[in-house]
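Participant: Compute the structure for the input listed below.
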Amino acid sequence: MMRNVLLAVGLCVAGVCADAADTVRVWTLQQCLDYAEEHNIEIRRSRNDYLSGVEDTKQARAARLPSLSGSVGQTYTNYPAAGRSEGNVYSGSYSLSAGMTLFQGGRLRAEVKRQEVQNRMDALAVDEARVDIRLAIVQAYMQCLYAAESVVICQSTAEASRLQRDRAEAMWQAGSISRVDFAQLESQYAGDAYEVVAAQANSDNSKLQLKQLLELGVTDEMALAAPDATEADVLRPLPPKAALLDTALLVMPEVRRGELAVEEAEWQGKSARAGYFPTVSLNAGIGSGHATGTQAEGSQMWNNLNENVGLTVSIPILSNRQNRTAVNKARLSLENSRLDLLDAQKAVQEDVETVYLDALSAQSQYAAAVEKEQYARQSYELTREQFEVGAKNTVELITAQNEWTAARQETLQAKYMALMSLKLLDIYQGKM
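Facilitator: So this is what the prediction gives:
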């Protein structure tokens with residue numbers, strides 16, 4: 001009964017996969033990275049923040065230019081008191097004024113420079129979001145490949161168990177083995193079939209996580225292109241750790257953004273110190289007006305025409321400690337920026353060193369696991385042959401098979417752990 005159910009399930013799955021094979025898009029790792037760069041929400045939000053900062057910079061530059069404004073006013077006035085020949089008066093006023101800040105202690109220039117530095121920081125924030133999503137996609141992609149190959153291993157193990165179970169059934173019926181031995185192999189086959197289902201569920205969950213990183217819909221189907229990785233690719237020699245760390249500190253955007261944050265804080269301090277200096281402003285204007293009941297409006301407009309120009313100097317004498325507070329807080333902000341830079345450098349170094357050690361460990365485990373897998377396979381094949389001639393019992397056969405399956409899984413895990421770590425190091429080196 002179990003054999004028939006599993007066979008039916010396998011045929012259904014195979015049929016569905018065959019029908020969908022022509023419509024499912026196959027994704028390479030590079031295609032995933034490129035797609036995420038255009039569609040990931042965090043990257044798009046970071047780009048919008050950068051564009052918003054560019055607008056702030058344009059406004060800061062425009063603050064150094066003259067301003068111009070005009071006004072038009074119309075007024076109706078009622079005089080109900082007795083003795084007036086005209087109780088209602090209509091009047092109008094018109095003016096055009098301009099102003100420009102000539103000197104503000106260097107604050108305008110400091111604000112422009114600070115905003116320009118902020119724009120560069122925002123651009124690096126986009127790069128940082130891009131790096132973060134690339135790191136996440138590499139890990140998710142490799143996890144998907146590992147999970148998919150794990151399904152294949154489980155399927156091959158289940159198939160081997162099925163053949164053993166069928167062979168054991170014939171041996172039991174022939175009286176070569178006991179009913180207990182046959183039941184043990186039946187149980188082994190059922191357990192291996194369950195592992196196929198569990199491995200497939202894990203593969204589906206891994207693919208779902210990758211789809212979420214790519215902002216794909218839950219119903220979107222995707223297949224992954226497995227890398228053509230040789231043993232030499234897995235065991236690729238690593239550069240010296242010190243060289244990796246130095247390069248990462250140069251290329252990682254969070255470190256460069258931290259360096260710019262220090263520069264931005266310095267300009268913020270200069271802007272705060274400008275509060276101690278006078279402000280010199282130039283203003284000019286022209287205006288006129290008219291009112292009914294006096295003389296012709298045209299004459300009034302000419303007679304009331306006026307022009308003015310002025311220079312204003314504002315000298316800070318007592319600001320209720322506002323300027324000193326601003327300067328002190330700017331100095332503290334600069335110190336915090338320097339501390340944040342050290343923290344960013346330390347975090348990058350820790351991340352790179354962790355990935356470096358993971359790569360070394362995975363490569364060592366892979367080399368050992370490959371050899372272990374070869375011996376485990378040989379042991380299983382010999383044990384199976386001896387079981388068929390009655391020289392080994394079912395416990396020994398099942399043990400040998402489980403050891404070979406475990407060795408295959410260890411090799412697979414070490415392989416993709418090494419490949420993932422190497423790809424992550426490439427990102428930290430600015431190669432991806």
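Participant: Now G99. Nearest residue, chain neighbours left out?
Facilitator: N283 (4.3 Å; Cβ to Cβ, 6 or more residues apart in numbering). For the C-beta atoms, the positions are set from N, CA and C on the backbone; glycine is no exception.
Participant: In three-state terms, label that neighbour for me.
Facilitator: strand (DSSP: H, G, I helix; E, B strand; the rest coil).
Participant: Model confidence for it, exactly?
Facilitator: Reported pLDDT at N283 in the predicted model: 94.
Participant: Same check on V24?
Facilitator: pLDDT at V24 comes out at 80.
Participant: Isn't it up against M222?
Facilitator: Yes - with contact defined as Cβ atoms under 8 Å, V24 and M222 form a contacting pair (6.6 Å).
Participant: Please say which of those two ends up with more neighbours.
Facilitator: M222 (15 against 12; other Cβ atoms under 10 Å).
Participant: measure that one to L208 for me?
Facilitator: As judged by Cβ to Cβ, to the nearest Å, M222 and L208 stand 10 Å apart.
Participant: now E149
Facilitator: From E149 to L208 the distance is 18 Å (Cβ to Cβ).
Participant: same question, G285
Facilitator: Taken as Cβ to Cβ, the span from G285 to L208 is 67 Å.
Participant: who has more neighbours, these two?
Facilitator: The residue with more neighbours, out of G285 and L208, is G285; 18 against 13, by other Cβ under 10 Å.
Participant: and the closest residue to the more buried one other than its chain neighbours, helix, strand or coil?
Facilitator: Excluding the flanking residues, the one nearest G285 by Cβ to Cβ, 6+ apart is S97, at 3.7 Å. Each residue gets one of three states, and S97 gets strand by three-state DSSP.
Participant: try S176
Facilitator: Classified using three-state DSSP, S176 is coil.
Participant: again with L216
Facilitator: coil.
Participant: just the one 10 residues further on next, same as before
Facilitator: At A226, secondary structure determined by three-state DSSP is coil.
Participant: In this protein, where is pLDDT below threshold?
Facilitator: Along the chain, the model assigns pLDDT under 70 to residues 1-22, 80-87, 293-298.
Participant: if we can go back for a sec, can you pull up the bridge partners for the residue nearest to G99?
Facilitator: Legend: beta-bridge partners of N283 under DSSP bridges are G99, G310.
Participant: That one: what's it in contact with?
Facilitator: The contact partners of N283, by Cβ atoms under 8 Å, 6 or more residues apart in numbering, come to S97, A98, G99, M100, V309, G310, L311, T312.
Participant: Then L238?
Facilitator: By Cβ under 8 Å, 6+ apart, the neighbours of L238 are L244, Y356, A359, L360, L422, L425.
Participant: did I read that right, the second one in a helix?
Facilitator: Looking back up the chat, that one is Y356. Yes - applying three-state DSSP, one finds Y356 inside a helix.
Participant: What segments of the chain are strands?
Facilitator: 25-27, 67-78, 88-103, 222-224, 279-291, 306-314 (DSSP state E).
Participant: got the contact list for the first one?
Facilitator: Applying Cβ under 8 Å, 6+ apart, the contact partners of strand 25-27 are Y35, E221, M222, A223, L224, A225.
Participant: thinking again about what came up before, can I get the contacts of N283 in TSV with neighbour count and distance to A291?
Facilitator: Output for the contacts of N283, formatted as TSV (neighbours: other Cβ atoms under 10 Å; distance: Cβ to Cβ, whole Å):
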residue	neighbour count	distance to A291
S97	15	21
A98	15	26
G99	15	28
M100	14	32
V309	10	26
G310	10	26
L311	10	32
T312	12	30
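Participant: And the residues you listed, which is closest to T399?
Facilitator: Distance to T399 across these (Cβ to Cβ) is lowest for M100, with 89.9 Å.
Participant: Next up, the contacts around that closest one.
Facilitator: Contacts of M100 by Cβ under 8 Å, 6+ apart are L65, P66, S67, S281, L282, N283.
Participant: same thing but 7 Å
Facilitator: For M100, the contact set (Cβ atoms under 7 Å, 6 or more residues apart in numbering) comprises P66, S281, L282.
Participant: Which of those sits closest to F387?
Facilitator: Checking those against F387 with Cβ to Cβ, the nearest one is P66 at 96.6 Å.
Participant: measure the nearest residue to that closest one once chain neighbours are set aside to S271 for me?
Facilitator: Of all residues beyond its chain neighbours, the one nearest P66 is M100 (4.1 Å), with distances taken as Cβ to Cβ, 6+ apart. Note on M100: its distance to S271, by Cβ to Cβ, is 19 Å.
Participant: quick one, phi psi at the closest residue to F277 other than its chain neighbours?
Facilitator: Residue nearest to F277 in three dimensions, not counting chain neighbours: G105, with 2.9 Å by Cβ to Cβ, 6+ apart. Backbone torsions for G105, taken as degrees, to the nearest 10, come to phi 70, psi 20.
Participant: can you count the residues close to G105?
Facilitator: Other residues lying near G105 total 18 when counted by other Cβ under 10 Å.
Participant: I figured it hits S271, correct?
Facilitator: No - look at G105 against S271 with Cβ atoms under 7 Å: they stay out of range, at 8.9 Å.
Participant: Just to check, the residue nearest to G285 is in contact with E307?
Facilitator: No - taking contacts as Cβ under 7 Å, S97 lies outside contact range of E307: 10.8 Å.
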